[in-house]
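Participant: got a structure for you, letters missing:
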């Protein structure tokens, strides 16, 4: 098998069309979608005896990128057990998460907010983006706490 | 590809049932993503195109109805496999009951109409 896969150019063109069609999707969704389609086409093009015509047929069967993006938009709004986050959508898990991330940071440094982040990531009410923001905001406080602990040694 | 806009009822039916068709295909065994997508694409009238199945698979995973695992492949890149979860199994059984009642009711009315 050669390193160059069959129909590489057609695959690249199709994937960039999909990227463009999905420009309005949340970045994590778009990434996952493009990744799935890429895997599908790589499987076809790297199969033993793959032909350019076979790859083109696979692309044709995947369909119009705008249809795939429309399906993604629909799937995102049609979750059965994960309704789109609504204002006031707070359950016990979310309350505990926020308590641990705020008050918990003072009572139990590092341990409290870590548990809070775990709760936050288990939440089905908060979106992936919100969880990422929480993690990014909290992470520097760990560093800060570490610095405070290390301060006496650093002074020496 | 079918002209969806002229057949809104079919589009709605497809949207409401396709995820359970995916769960049904996974009922007994885990499946390789590409095979799963092809199999669904081959059923007449079920999906508009194979590519539209992937967003659905992502959502089923986010909803905890399926899980994914990676397997090494001899002929190419690692392969993503889908497997139904217990929650997915429950959702499938509940839908199967609803569906048979719904189908019988609609059949009875539509058959009557045709007479």
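Facilitator: Yep, it's here. Keep in mind that what you see is a predicted model, and the values were worked out from it rather than measured.
Participant: now do the SS call for residue B:67.
Facilitator: Assigned with DSSP: H, G, I helix; E, B strand; the rest coil, residue B:67 falls in the strand class.
Participant: and it, what does it touch?
Facilitator: B:61, B:82-83, B:85 (CB atoms under 8 Å, 6 or more residues apart in numbering or on different chains). The way it works is simple: take the backbone N, C-alpha and C, and place the C-beta from them, glycine included.
Participant: smallest gap between chain B and chain A, at which residue?
Facilitator: residue B:49 (2.4 Å; CB to the nearest CB).
Participant: that residue: neighbour count?
Facilitator: For residue B:49, the neighbour count with other CB atoms under 10 Å in any protein chain shown is 18.
Participant: so what's it up against?
Facilitator: Neighbours of residue B:49 in contact, by CB under 8 Å, 6+ apart: A:61-64, A:67-68, B:1, B:41.
Participant: ok, of these, which come out buried?
Facilitator: A:61-64, A:67-68, B:41 (16 or more other CB atoms under 10 Å in any protein chain shown).
Participant: what comes up buried for stretch A:107-126?
Facilitator: A:109, A:112-117, A:119-120, A:123-126.
Participant: give me the subset of those touching chain B.
Facilitator: Near chain B, taking CB under 8 Å from any CB of the partner chain as the test, no member of the buried residues of stretch A:107-126 is found.
Participant: closest to residue B:7 among the residues you listed?
Facilitator: residue A:124 (34.1 Å; CB to CB).
Participant: what are the phi and psi values for the closest one?
Facilitator: phi -100, psi 0 (degrees, to the nearest 10).
Participant: in three-state terms, label residue B:64 for me.
Facilitator: Residue B:64 ends up coil, using three-state DSSP.
Participant: any idea which element the nearest residue to it once chain neighbours are set aside lies in?
Facilitator: With CB to CB, 6 or more residues apart in numbering or on different chains as the criterion, residue B:64 has its nearest non-adjacent residue at 5.3 Å, and that residue is residue B:87. Per DSSP states H and E: residue B:87 is located in helix B:86-114.
Participant: re earlier: just among the contacts of residue B:67, which is most surrounded?
Facilitator: Top of these by neighbour count (other CB under 10 Å): residue B:82, with 23 neighbours.
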